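Student: got a structure for you, letters missing:
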(Lines give C-alpha, C1' and ligand atoms only; values in the text may rest on other atoms or scores of the structure.)
Protein backbone atom coordinates (compact mmCIF):
# COMPACT_ATOMS: atom_id res chain seq x y z
CA UNK A 1 0.00 0.00 0.00
CA UNK A 2 1.49 3.34 -0.96
CA UNK A 3 2.02 6.29 1.39
CA UNK A 4 -0.42 8.52 -0.48
CA UNK A 5 -3.12 5.88 -0.19
CA UNK A 6 -2.39 5.38 3.52
CA UNK A 7 -2.79 9.09 4.09
CA UNK A 8 -6.03 9.18 2.11
CA UNK A 9 -7.45 6.33 4.21
CA UNK A 10 -6.38 8.01 7.48
CA UNK A 11 -8.10 11.26 6.44
CA UNK A 12 -11.26 9.51 5.19
CA UNK A 13 -11.53 7.67 8.52
CA UNK A 14 -11.96 11.05 10.22
CA UNK A 15 -15.18 11.80 8.34
CA UNK A 16 -18.34 11.31 10.40
CA UNK A 17 -20.00 8.03 9.46
CA UNK A 18 -16.80 6.35 8.28
CA UNK A 19 -14.57 4.19 10.48
CA UNK A 20 -11.17 2.68 9.64
CA UNK A 21 -12.73 -0.26 7.81
CA UNK A 22 -15.26 1.68 5.74
CA UNK A 23 -12.61 4.33 5.01
CA UNK A 24 -10.44 1.60 3.44
CA UNK A 25 -13.38 0.41 1.39
CA UNK A 26 -14.22 3.95 0.26
CA UNK A 27 -10.59 4.72 -0.62
CA UNK A 28 -10.40 1.53 -2.65
CA UNK A 29 -13.59 2.46 -4.51
CA UNK A 30 -12.00 5.83 -5.26
CA UNK A 31 -8.87 4.22 -6.70
CA UNK A 32 -10.91 1.83 -8.78
CA UNK A 33 -13.20 4.59 -10.07
CA UNK A 34 -10.50 7.15 -10.68
CA UNK A 35 -12.08 8.95 -13.64
CA UNK A 36 -15.70 8.98 -12.51
CA UNK A 37 -15.24 9.46 -8.76
CA UNK A 38 -11.73 10.21 -7.48
CA UNK A 39 -10.81 13.03 -9.84
CA UNK A 40 -14.21 14.80 -9.71
CA UNK A 41 -14.23 14.50 -5.91
CA UNK A 42 -10.71 15.91 -5.56
CA UNK A 43 -11.80 18.80 -7.80
CA UNK A 44 -15.05 19.42 -5.92
CA UNK A 45 -13.18 19.46 -2.59
CA UNK A 46 -10.60 21.92 -3.86
CA UNK A 47 -13.38 24.14 -5.18
CA UNK A 48 -15.33 24.02 -1.92
CA UNK A 49 -12.12 24.74 0.03
CA UNK A 50 -11.48 27.75 -2.17
CA UNK A 51 -15.02 29.15 -2.35
CA UNK A 52 -17.17 28.13 0.61
CA UNK A 53 -17.05 30.26 3.75
CA UNK A 54 -19.18 31.09 6.77
CA UNK A 55 -21.78 33.85 6.39
CA UNK A 56 -20.75 36.86 8.49
CA UNK A 57 -24.36 37.50 9.49
CA UNK A 58 -25.98 34.16 10.27
CA UNK A 59 -23.19 31.55 10.30
CA UNK A 60 -24.62 29.55 7.37
CA UNK A 61 -22.19 28.33 4.71
CA UNK A 62 -22.07 30.07 1.34
CA UNK A 63 -19.74 31.37 -1.32
CA UNK A 64 -19.50 35.02 -0.29
CA UNK A 65 -19.35 37.19 2.81
CA UNK A 66 -23.11 36.81 3.12
CA UNK A 67 -24.98 33.58 2.39
CA UNK A 68 -27.74 33.20 -0.22
CA UNK A 69 -30.47 33.34 2.42
CA UNK A 70 -29.17 36.55 4.03
CA UNK A 71 -28.87 38.13 0.55
CA UNK A 72 -32.31 37.01 -0.66
CA UNK A 73 -34.62 40.07 -0.55
CA UNK A 74 -37.69 37.78 -0.58
CA UNK A 75 -36.80 36.29 2.84
CA UNK A 76 -38.41 38.07 5.77
CA UNK A 77 -35.69 39.53 8.01
CA UNK A 78 -38.19 40.23 10.80
CA UNK A 79 -38.41 36.53 11.63
CA UNK A 80 -35.23 34.68 12.59
CA UNK A 81 -35.07 30.94 13.13
CA UNK A 82 -32.32 29.87 15.55
CA UNK A 83 -30.73 26.51 14.78
CA UNK A 84 -27.90 24.57 16.38
CA UNK A 85 -25.87 23.94 13.22
CA UNK A 86 -25.93 24.14 9.44
CA UNK A 87 -27.31 20.60 9.15
CA UNK A 88 -30.40 21.73 11.07
CA UNK A 89 -30.69 24.78 8.81
CA UNK A 90 -30.67 22.47 5.79
CA UNK A 91 -33.33 20.29 7.42
CA UNK A 92 -35.56 23.37 7.88
CA UNK A 93 -34.93 24.44 4.28
CA UNK A 94 -35.86 21.00 2.98
CA UNK A 95 -39.30 21.43 4.56
CA UNK A 96 -39.69 24.56 2.36
CA UNK A 97 -42.05 26.16 4.83
CA UNK A 98 -39.98 28.82 6.61
CA UNK A 99 -39.58 32.10 4.73
CA UNK A 100 -37.57 34.10 7.26
CA UNK A 101 -33.84 34.15 7.93
CA UNK A 102 -31.63 32.01 10.15
CA UNK A 103 -29.08 32.27 12.92
CA UNK A 104 -26.69 29.35 13.39
CA UNK A 105 -25.47 28.98 16.99
CA UNK A 106 -22.68 26.52 16.24
CA UNK A 107 -23.69 24.24 19.12
CA UNK A 108 -25.78 24.20 22.27
CA UNK A 109 -24.90 25.05 25.85
CA UNK A 110 -23.56 21.97 27.56
CA UNK A 111 -22.20 21.81 31.09
CA UNK A 112 -20.92 18.30 30.39
CA UNK A 113 -18.92 19.30 27.30
CA UNK A 114 -17.88 22.63 28.83
CA UNK A 115 -19.69 24.72 26.20
CA UNK A 116 -20.75 28.08 27.65
CA UNK A 117 -22.55 31.09 26.12
CA UNK A 118 -19.20 32.59 25.02
CA UNK A 119 -18.59 29.57 22.76
CA UNK A 120 -21.79 30.15 20.80
CA UNK A 121 -22.67 32.66 18.09
CA UNK A 122 -24.72 34.71 20.60
CA UNK A 123 -23.28 38.29 20.51
CA UNK A 124 -24.11 38.57 16.81
CA UNK A 125 -27.65 37.39 17.57
CA UNK A 126 -28.12 40.16 20.16
CA UNK A 127 -26.73 42.69 17.67
CA UNK A 128 -29.12 41.48 14.94
CA UNK A 129 -32.10 41.79 17.26
CA UNK A 130 -31.04 45.36 18.17
CA UNK A 131 -30.31 46.59 14.66
CA UNK A 132 -32.51 44.73 12.19
CA UNK A 133 -35.98 45.22 13.64
CA UNK A 134 -36.46 41.52 14.40
CA UNK A 135 -40.01 40.80 15.56
CA UNK A 136 -39.93 37.06 16.19
CA UNK A 137 -37.23 34.57 17.10
CA UNK A 138 -38.17 30.95 16.48
CA UNK A 139 -36.08 28.53 18.55
CA UNK A 140 -35.68 25.40 16.42
CA UNK A 141 -33.42 23.59 18.86
CA UNK A 142 -33.46 19.88 19.59
CA UNK A 143 -35.83 18.59 22.27
CA UNK A 144 -32.84 17.51 24.37
CA UNK A 145 -31.70 18.79 27.77
CA UNK A 146 -28.92 20.86 26.15
CA UNK A 147 -31.25 22.17 23.45
CA UNK A 148 -33.87 23.23 25.98
CA UNK A 149 -31.23 24.80 28.28
CA UNK A 150 -30.01 26.85 25.33
CA UNK A 151 -33.57 27.84 24.42
CA UNK A 152 -34.21 29.10 27.97
CA UNK A 153 -30.89 30.96 28.02
CA UNK A 154 -31.71 32.79 24.78
CA UNK A 155 -35.25 33.60 25.92
CA UNK A 156 -33.81 35.06 29.17
CA UNK A 157 -31.08 36.96 27.34
CA UNK A 158 -33.54 38.69 25.03
CA UNK A 159 -36.26 39.41 27.58
CA UNK A 160 -37.43 43.03 27.54
CA UNK A 161 -36.04 43.71 24.06
CA UNK A 162 -39.52 43.72 22.53
CA UNK A 163 -38.96 40.54 20.48
CA UNK A 164 -41.34 37.60 20.58
CA UNK A 165 -39.53 34.32 21.29
CA UNK A 166 -41.28 31.14 20.17
CA UNK A 167 -40.24 27.53 19.84
CA UNK A 168 -41.14 24.61 17.55
CA UNK A 169 -44.13 22.61 18.81
CA UNK A 170 -43.55 19.24 20.42
CA UNK A 171 -45.90 16.36 19.76
CA UNK A 172 -46.61 13.25 17.72
CA UNK A 173 -44.50 13.18 14.51
CA UNK A 174 -46.46 13.10 11.24
CA UNK A 175 -46.90 9.44 10.32
CA UNK A 176 -45.94 8.42 13.86
CA UNK A 177 -47.74 5.61 15.65
CA UNK A 178 -48.56 6.10 19.33
CA UNK A 179 -47.43 2.57 20.12
CA UNK A 180 -43.86 3.41 19.12
CA UNK A 181 -43.62 6.80 20.84
CA UNK A 182 -41.75 7.40 24.09
CA UNK A 183 -43.57 8.58 27.22
CA UNK A 184 -42.06 12.09 27.05
CA UNK A 185 -43.44 12.72 23.56
CA UNK A 186 -46.90 11.44 24.49
CA UNK A 187 -46.89 13.63 27.62
CA UNK A 188 -45.82 16.68 25.56
CA UNK A 189 -48.45 15.97 22.90
CA UNK A 190 -51.19 15.55 25.52
CA UNK A 191 -50.23 18.75 27.34
CA UNK A 192 -50.22 20.70 24.06
CA UNK A 193 -53.53 19.20 22.84
CA UNK A 194 -55.68 21.35 20.59
CA UNK A 195 -59.41 21.48 19.86
CA UNK A 196 -60.29 19.92 16.52
CA UNK B 1 -26.44 25.92 -0.29
CA UNK B 2 -23.86 26.66 -2.98
CA UNK B 3 -23.43 24.74 -6.23
CA UNK B 4 -19.93 23.52 -5.32
CA UNK B 5 -21.20 22.12 -2.05
CA UNK B 6 -24.13 20.42 -3.80
CA UNK B 7 -21.74 18.74 -6.18
CA UNK B 8 -19.47 17.65 -3.33
CA UNK B 9 -22.42 16.08 -1.51
CA UNK B 10 -23.61 14.29 -4.67
CA UNK B 11 -20.13 12.82 -5.21
CA UNK B 12 -19.66 11.85 -1.56
CA UNK B 13 -23.01 10.03 -1.63
CA UNK B 14 -21.55 7.69 -4.27
CA UNK B 15 -18.89 6.38 -1.90
CA UNK B 16 -19.62 2.94 -0.45
CA UNK B 17 -20.87 3.27 3.12
CA UNK B 18 -22.28 6.78 2.66
CA UNK B 19 -25.86 7.56 1.68
CA UNK B 20 -27.38 10.97 0.85
CA UNK B 21 -27.88 11.85 4.53
CA UNK B 22 -24.43 10.82 5.77
CA UNK B 23 -22.84 12.45 2.71
CA UNK B 24 -24.43 15.74 3.75
CA UNK B 25 -23.12 15.29 7.26
CA UNK B 26 -19.62 14.43 6.01
CA UNK B 27 -19.57 17.37 3.59
CA UNK B 28 -20.61 19.69 6.40
CA UNK B 29 -17.83 18.35 8.62
CA UNK B 30 -15.41 19.02 5.76
CA UNK B 31 -16.56 22.63 5.44
CA UNK B 32 -16.35 23.16 9.18
CA UNK B 33 -12.88 21.59 9.41
CA UNK B 34 -11.46 23.22 6.31
CA UNK B 35 -7.82 23.48 7.45
CA UNK B 36 -7.48 20.15 9.24
CA UNK B 37 -9.66 17.95 7.01
CA UNK B 38 -10.97 19.43 3.75
CA UNK B 39 -7.72 20.83 2.37
CA UNK B 40 -5.54 17.82 3.33
CA UNK B 41 -8.18 15.45 1.91
CA UNK B 42 -8.41 17.35 -1.38
CA UNK B 43 -4.60 17.20 -1.58
CA UNK B 44 -4.42 13.50 -0.72
CA UNK B 45 -7.04 12.70 -3.37
CA UNK B 46 -5.23 14.68 -6.04
CA UNK B 47 -1.99 12.92 -5.13
CA UNK B 48 -3.59 9.46 -5.21
CA UNK B 49 -5.23 10.29 -8.54
CA UNK B 50 -1.84 11.32 -9.93
CA UNK B 51 0.30 8.54 -8.49
CA UNK B 52 -1.67 5.38 -7.71
CA UNK B 53 -2.11 2.82 -10.47
CA UNK B 54 -2.75 -0.89 -10.95
CA UNK B 55 0.27 -3.21 -10.82
CA UNK B 56 0.89 -4.70 -14.28
CA UNK B 57 1.77 -8.07 -12.76
CA UNK B 58 -0.68 -8.81 -9.97
CA UNK B 59 -3.41 -6.14 -10.15
CA UNK B 60 -2.64 -4.69 -6.70
CA UNK B 61 -2.60 -0.88 -6.37
CA UNK B 62 0.72 0.92 -6.07
CA UNK B 63 2.65 3.93 -7.23
CA UNK B 64 4.62 2.41 -10.11
CA UNK B 65 4.23 -0.11 -12.93
CA UNK B 66 4.85 -2.85 -10.38
CA UNK B 67 3.49 -2.80 -6.82
CA UNK B 68 5.65 -2.94 -3.67
CA UNK B 69 4.90 -6.62 -3.15
CA UNK B 70 5.87 -7.64 -6.69
CA UNK B 71 9.08 -5.60 -6.37
CA UNK B 72 10.01 -6.92 -2.90
CA UNK B 73 12.84 -9.48 -3.37
CA UNK B 74 12.08 -10.99 0.05
CA UNK B 75 8.63 -12.17 -1.07
CA UNK B 76 8.58 -15.71 -2.42
CA UNK B 77 7.46 -15.66 -6.06
CA UNK B 78 6.97 -19.43 -6.09
CA UNK B 79 3.82 -19.10 -3.99
CA UNK B 80 0.96 -16.98 -5.29
CA UNK B 81 -2.15 -16.19 -3.32
CA UNK B 82 -5.23 -15.55 -5.46
CA UNK B 83 -7.66 -13.00 -4.06
CA UNK B 84 -10.89 -11.52 -5.37
CA UNK B 85 -9.99 -7.85 -4.91
CA UNK B 86 -7.48 -5.48 -3.36
CA UNK B 87 -9.47 -5.29 -0.11
CA UNK B 88 -8.94 -9.03 0.33
CA UNK B 89 -5.23 -8.60 -0.42
CA UNK B 90 -5.03 -5.99 2.32
CA UNK B 91 -6.87 -8.32 4.72
CA UNK B 92 -4.29 -11.06 4.01
CA UNK B 93 -1.43 -8.56 4.51
CA UNK B 94 -2.87 -7.41 7.85
CA UNK B 95 -2.55 -10.97 9.13
CA UNK B 96 1.22 -10.69 8.36
CA UNK B 97 1.53 -14.41 7.82
CA UNK B 98 1.76 -14.83 4.03
CA UNK B 99 5.22 -14.22 2.54
CA UNK B 100 4.53 -15.00 -1.12
CA UNK B 101 3.07 -12.81 -3.86
CA UNK B 102 -0.52 -12.12 -4.93
CA UNK B 103 -2.79 -12.20 -7.93
CA UNK B 104 -5.90 -10.03 -7.85
CA UNK B 105 -8.75 -11.42 -9.97
CA UNK B 106 -10.89 -8.29 -9.90
CA UNK B 107 -14.05 -10.25 -9.08
CA UNK B 108 -15.44 -13.77 -9.07
CA UNK B 109 -17.28 -15.72 -11.72
CA UNK B 110 -20.98 -15.05 -11.40
CA UNK B 111 -23.67 -16.34 -13.71
CA UNK B 112 -26.17 -14.04 -12.03
CA UNK B 113 -24.12 -10.87 -12.60
CA UNK B 114 -22.94 -12.07 -16.03
CA UNK B 115 -19.27 -12.19 -15.03
CA UNK B 116 -17.40 -14.80 -17.09
CA UNK B 117 -13.74 -15.89 -17.16
CA UNK B 118 -12.94 -13.22 -19.77
CA UNK B 119 -13.92 -10.49 -17.28
CA UNK B 120 -11.34 -11.62 -14.72
CA UNK B 121 -7.57 -11.18 -14.56
CA UNK B 122 -7.03 -14.82 -15.61
CA UNK B 123 -4.78 -14.72 -18.74
CA UNK B 124 -2.04 -12.98 -16.77
CA UNK B 125 -2.36 -15.65 -14.08
CA UNK B 126 -1.80 -18.42 -16.63
CA UNK B 127 1.20 -16.51 -18.01
CA UNK B 128 2.68 -16.08 -14.54
CA UNK B 129 2.33 -19.81 -13.81
CA UNK B 130 4.07 -20.61 -17.13
CA UNK B 131 6.93 -18.15 -16.83
CA UNK B 132 7.73 -17.58 -13.17
CA UNK B 133 8.22 -21.11 -11.85
CA UNK B 134 5.17 -20.93 -9.58
CA UNK B 135 4.94 -24.01 -7.35
CA UNK B 136 1.82 -23.32 -5.32
CA UNK B 137 -1.34 -21.33 -5.91
CA UNK B 138 -3.33 -20.58 -2.76
CA UNK B 139 -6.96 -19.80 -3.50
CA UNK B 140 -8.06 -17.25 -0.89
CA UNK B 141 -11.55 -16.75 -2.28
CA UNK B 142 -14.70 -16.23 -0.25
CA UNK B 143 -16.60 -19.31 0.93
CA UNK B 144 -19.56 -18.29 -1.23
CA UNK B 145 -21.06 -20.05 -4.24
CA UNK B 146 -19.36 -17.61 -6.64
CA UNK B 147 -16.04 -17.86 -4.78
CA UNK B 148 -16.08 -21.63 -4.86
CA UNK B 149 -17.13 -21.71 -8.53
CA UNK B 150 -14.17 -19.48 -9.33
CA UNK B 151 -11.83 -21.67 -7.27
CA UNK B 152 -12.93 -24.79 -9.18
CA UNK B 153 -12.58 -22.98 -12.51
CA UNK B 154 -9.00 -21.94 -11.71
CA UNK B 155 -8.08 -25.40 -10.43
CA UNK B 156 -9.45 -26.93 -13.67
CA UNK B 157 -7.72 -24.31 -15.84
CA UNK B 158 -4.32 -25.04 -14.33
CA UNK B 159 -4.61 -28.81 -14.13
CA UNK B 160 -1.60 -30.58 -15.61
CA UNK B 161 0.65 -27.52 -15.42
CA UNK B 162 2.59 -28.98 -12.49
CA UNK B 163 1.39 -26.39 -10.00
CA UNK B 164 -0.11 -27.33 -6.64
CA UNK B 165 -3.46 -25.62 -6.08
CA UNK B 166 -4.58 -25.24 -2.46
CA UNK B 167 -7.31 -23.31 -0.75
CA UNK B 168 -7.78 -21.63 2.65
CA UNK B 169 -9.14 -24.01 5.29
CA UNK B 170 -12.78 -23.71 6.31
CA UNK B 171 -13.79 -24.12 9.94
CA UNK B 172 -14.60 -22.44 13.22
CA UNK B 173 -13.23 -18.85 13.29
CA UNK B 174 -10.72 -18.09 16.05
CA UNK B 175 -12.71 -16.77 19.01
CA UNK B 176 -15.95 -18.10 17.47
CA UNK B 177 -18.61 -19.75 19.59
CA UNK B 178 -20.31 -22.83 18.21
CA UNK B 179 -23.69 -21.57 19.32
CA UNK B 180 -23.46 -18.65 16.90
CA UNK B 181 -22.10 -20.56 13.90
CA UNK B 182 -24.22 -21.53 10.92
CA UNK B 183 -24.78 -25.18 9.99
CA UNK B 184 -22.56 -24.99 6.91
CA UNK B 185 -19.52 -23.88 8.93
CA UNK B 186 -20.06 -26.55 11.58
CA UNK B 187 -20.39 -29.20 8.85
CA UNK B 188 -17.19 -27.98 7.16
CA UNK B 189 -15.32 -27.90 10.46
CA UNK B 190 -16.48 -31.39 11.38
CA UNK B 191 -15.53 -32.82 7.97
CA UNK B 192 -12.08 -31.24 8.20
CA UNK B 193 -11.49 -32.33 11.81
CA UNK B 194 -7.91 -32.99 12.88
CA UNK B 195 -6.33 -35.15 15.56
CA UNK B 196 -5.17 -33.14 18.56
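Tutor: Done, it's in. As the structure is a prediction and not an experimental result, all values here were calculated from the model.
Student: how's chain A carved up into domains?
Tutor: A:3-51, A:69-167 (automatic domain parsing).
Student: hmm, the last one in reach of chain B?
Tutor: Yes: for a cut-off given as CB under 8 Å from any CB of the partner chain, domain A:69-167 has contacts with chain B, namely A:85-87, A:90, A:93. C-beta: built from backbone N, CA, C; applies to glycine.
Student: the lengthiest strand in chain A pairs with which strands, parallel or anti?
Tutor: Ordering each strand of chain A by length in residues (DSSP state E) puts strand A:76-83 first. Applying DSSP bridges to the sheet, strand A:76-83 is found paired with strand A:100-104 (parallel), strand A:136-139 (parallel).
Student: on that earlier part again, residue A:59: which of the residues of domain A:69-167 next to chain B is nearest?
Tutor: Among the residues of domain A:69-167 next to chain B, residue A:86 lies closest to residue A:59 (CB to CB), at 7.6 Å.
Student: what about chain A, any weak spots by pLDDT?
Tutor: Within chain A, the stretches with pLDDT under 70 are A:1-2.
Student: so how far is residue B:36 from the residue nearest the centre of chain A?
Tutor: Nearest to the geometric centre of chain A sits residue A:85, at 2.5 Å (CA atoms, centre = their mean). From residue A:85 over to residue B:36 the distance is 18 Å, taken as CB to CB, to the nearest Å.
Student: again, but for residue A:83
Tutor: Going from residue A:83 to residue B:36 by CB to CB gives 24 Å.
Student: these two: which is more packed in?
Tutor: residue A:83 (24 against 11; other CB atoms under 10 Å in any protein chain shown).
Student: residues in contact with that one?
Tutor: Residues in contact with residue A:83 (CB atoms under 8 Å, 6 or more residues apart in numbering or on different chains) are A:89, A:92, A:102-105, A:140-141.
Student: one more: residue A:136?
Tutor: Taking CB under 8 Å, 6+ apart, one finds A:78-80, A:100, A:163-166 in contact with residue A:136.
Student: picking that back up, out of the strands paired with strand A:76-83, nearest to residue A:69?
Tutor: strand A:100-104 (5.9 Å).
Student: now do that closest one: distance to the chain's middle.
Tutor: Offset of strand A:100-104 from its chain centre (CA atoms, centre = their mean, to the nearest Å): 10 Å.
Student: downstream of that strand, the next helix or strand is which one?
Tutor: Going down the chain from strand A:100-104, the next helix or strand is helix A:122-131, by DSSP states H and E.
Student: returning to what we had before: quick one, what contacts the residue nearest to the centre of chain A?
Tutor: A:104-107, B:28 are the contacts of residue A:85 under CB under 8 Å, 6+ apart.
Student: neighbour-wise, which one of the contacts of residue A:136 leads?
Tutor: Busiest of the contacts of residue A:136 [other CB under 10 Å] is residue A:80, holding 22 neighbours.
Student: what sits against it?
Tutor: A:100-103, A:125, A:128-129, A:134, A:136-138 are the contacts of residue A:80 under CB under 8 Å, 6+ apart.
Student: wait, residue A:7 sits on residue B:45?
Tutor: No: look at residue A:7 against residue B:45 with CB atoms under 8 Å: they stay out of range, at 10.0 Å.
Student: tell me which of those two has more neighbours.
Tutor: Ranked by neighbour count (other CB under 10 Å), residue A:7 and residue B:45 place residue B:45 first, with 26 against 17.
Student: number of residues surrounding the residue nearest to that one when sequence neighbours are not counted?
Tutor: Once flanking residues are discounted, residue B:45 sits nearest to residue A:42: 3.6 Å by CB to CB, 6 or more residues apart in numbering or on different chains. Number of residues near residue A:42 (other CB under 10 Å) recorded here: 23.
Student: helix/strand/coil for residue A:42?
Tutor: Following DSSP: H, G, I helix; E, B strand; the rest coil, residue A:42 is assigned to helix.
Student: how many neighbours does residue A:144 have?
Tutor: 12.
Student: let me fix that, I meant to ask about residue A:55.
Tutor: 22.
Student: surely it and residue A:72 touch.
Tutor: No: using CB under 8 Å, residue A:55 makes no contact with residue A:72, being 11.9 Å away.
Student: re the thing from before, what angle separates the longest strand of chain A from helix A:122-131?
Tutor: Using axes from the mean of the first three to the mean of the last three CA atoms, to 10 degrees, one finds that strand A:76-83 and helix A:122-131 are set 160 degrees apart in direction.
Student: ok, which stretches of chain A are helices?
Tutor: Using DSSP state H, the helices of chain A run over residues A:3-12, A:20-32, A:39-51, A:68-71, A:86-95, A:122-131, A:145-157, A:183-191.
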